[in-house]
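*Asks:* predicted model and sequence below, questions to follow.
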Amino acid sequence: MAEKTTFNDTYLAKWIAGDITDAQLKELVSDNDYKAYKKLQSGVQVFDYLEAPSETTLAAVKHKIALKKYTVKKSKKVRPLFAKSMIAIAASIALFFSINTFLKFNDVSFESDFGEMKTVTLLDKSEVILNAKSTLSYNKKDWENKRDVNLQGEAYFKVQKGSTFNVITDNGTISVLGTQFNVNSQKDFFEVICYEGKVMVVHNTNEYILTPTKSVRILNGIKTEETLKITSKKPDWILGESNFRSVPLKLVISALEKQFGVTILGNSIDTSIVFTGSFDNKNLDIALASVFKTTNIKYQIKNSTIILSK
Amino acid sequence: MIKGLKNICNANVFEEIFNNYAKDVKRFIFFKTKDTNLTEDIVQDTFVKLWEECKNASYDTIKNFLFTIANNLFLNIVKHNKVIDKHQKGFVRENSNESPEFIFLENEFYEKLENAIASLSEKQREVFLMSRIEKKKYKEIAAQLNISVKAVEKRMHAALIALKEKIEFI
């Protein structure tokens, strides 16, 4: 009885923290109150979202400005021969320098080519292995203060212990102290797998804490958290095999293109079908067979273009 | 010519403006789009644009300037989407990033909620903010405030009842 009384004045706290379900709450309050609390909950979510710190947004703004810096540089090549050009040049140089001081002009970047795997050792001896067609960059000058790297594509990280290490992607940010994990950040697809230690993933306003063998994946905005049956401490692609676990075929096609530097065409093919399996990263014929034979898709190879048909 | 003391093209001033107004812009756009991804994009692009236009912007009217940029970016996207819809008629576009709960949430309700949060008792608000904004577990809050977990839960429970009642009442 006493326990019931105490639960009576804490159940909303338990519900908002996710310790009791909506269905359980429904049992405890009237229909109208239930609706009011659900609306309150979504309001609180918006409140969380709008009040959340905007450091990652600021980082993204700086990143975008840095990218624009290169276009500023390019546009200088085509300078008009007007009297005003001197002012324009002076202005663009001034802008150039101010952006440089703003961004400290110390960006180091590594890019892997088609079918290439690239190992990068960072200043703190942390190791990053880039999968094909992926880019990693960081600011050399800022490194002392913060261990931030930018990633496009897929990479496996082995981070040395130390201050917080952030991997910033278009899809979200991964923060760790010292551990091993894999990040795959593509358009419409984001996946982080933890191999050792503890990894924090921030996607939009959501935070996920991953421990070994745990993974989080966001596919077209839908999130799944999974515990994987993995025994090795490294992802399979490092050993020369690309592995897929229920992903849309279009991601597999894009991975084939990145591994072998080919173009794959197939307008008549439904690329949203789900694929589970793997392909060999060394042999294109074997890779194509293992993906398309199993999905009953015909293919023709013409030079470096592969045409798919039903 | 005497320029204002605050030069927006200065990186520190720019960051200060970002820290002062990013949330306002975010909120302004969020209630137009109800889409967190789109909001994030527009907020980022607004400040990129401010940096590009820093010479033409004045510190005194910066808030207006930012809102105008943000609103134009939003209108461009609306216009663009209309063009896309025209070309993809019959093709249903699903935006799964948009949480269904957000769609029905009106600015008006949100303002009530903010007022209600502001009028919570000090103790309730403290627990509410630590839990929702700082994302602390009840156990962590209890340790920090040096009270029992049960007491934290009671405050949170009471805070939620108070919020519901205040929103209904306002």
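*Replies:* Looks like it arrived, so ask away.

*Asks:* residues in contact with stretch B:74-83?
*Replies:* By Cβ atoms under 8 Å, 6 or more residues apart in numbering or on different chains, the residues outside stretch B:74-83 that reach it are B:29, B:32-33, B:38, B:42. (C-beta placed from N, C-alpha, C; glycine too.)

*Asks:* C-alpha coordinates for it, PDB please?
*Replies:* The C-alpha coordinates for stretch B:74-83 follow below in PDB (Å, rounded to 0.1, in the frame of the first residue of the first chain):
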ATOM      1  CA  PHE B  74      12.800  29.300 -46.100                       C
ATOM      2  CA  LEU B  75      10.700  30.900 -48.900                       C
ATOM      3  CA  ASN B  76      13.300  29.700 -51.500                       C
ATOM      4  CA  ILE B  77      12.900  26.100 -50.200                       C
ATOM      5  CA  VAL B  78       9.100  26.400 -50.300                       C
ATOM      6  CA  LYS B  79       9.300  27.600 -53.800                       C
ATOM      7  CA  HIS B  80      11.700  24.900 -54.800                       C
ATOM      8  CA  ASN B  81       9.500  22.200 -53.300                       C
ATOM      9  CA  LYS B  82       6.600  23.500 -55.200                       C
ATOM     10  CA  VAL B  83       8.600  23.100 -58.400                       C
END
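
*Asks:* in that stretch, what's buried?
*Replies:* Going by neighbour count (16 or more other Cβ atoms under 10 Å in any protein chain shown), the buried part of stretch B:74-83 is B:74, B:77.

*Asks:* what does stretch A:297-310 give?
*Replies:* A:297, A:299, A:306, A:308.

*Asks:* ok so, going back, now, the contacts of stretch B:74-83 that are in strands?
*Replies:* In this view, these have no member that belongs to strands under DSSP state E.

*Asks:* can you redo those as CSV with neighbour count?
*Replies:* Formatted as CSV, the contacts of stretch B:74-83 follow (neighbours: other Cβ atoms under 10 Å in any protein chain shown):
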residue, neighbour count
B:Ile29, 23
B:Lys32, 18
B:Thr33, 18
B:Leu38, 19
B:Ile42, 25
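
*Asks:* determine which two of the buried residues of stretch A:297-310 are furthest apart.
*Replies:* Pairwise distances across those peak at 10.5 Å for A:Ile297 and A:Ile306 (criterion: Cβ to Cβ).

*Asks:* what about stretch A:200-220, average pLDDT?
*Replies:* Averaged over stretch A:200-220, pLDDT sits at 86.

*Asks:* is the residue nearest to the spatial centre of chain B in a helix, a strand, or coil?
*Replies:* When Cα atoms, centre = their mean is applied to chain B, the residue found nearest the centroid is B:Arg27 (3.6 Å). Recorded secondary structure, B:Arg27: helix (DSSP: H, G, I helix; E, B strand; the rest coil).

*Asks:* which residues does it contact?
*Replies:* A:Leu50.

*Asks:* hmm, back to that, going by distance to A:Gly153, which of the buried residues of stretch A:297-310 wins?
*Replies:* Using Cβ to Cβ, the buried residues of stretch A:297-310 come closest to A:Gly153 at A:Ile306, 21.0 Å.

*Asks:* nearest residue to that closest one other than its sequence neighbours?
*Replies:* A:Ile264 (4.7 Å; Cβ to Cβ, 6 or more residues apart in numbering or on different chains).

*Asks:* so where is chain A shaky, pLDDT-wise?
*Replies:* A:1-6, A:69-106 (pLDDT under 70).

*Asks:* ok, and the closest non-adjacent residue to residue 59?
*Replies:* No chain in the question, so chain A it is. Using Cβ to Cβ, 6+ apart, the nearest residue to A:Ala59 is A:Ile168, at 6.2 Å.

*Asks:* chain B is the one I meant
*Replies:* Nearest one to B:Tyr59, counting by Cβ to Cβ, 6+ apart, is B:Lys6 at 3.8 Å.
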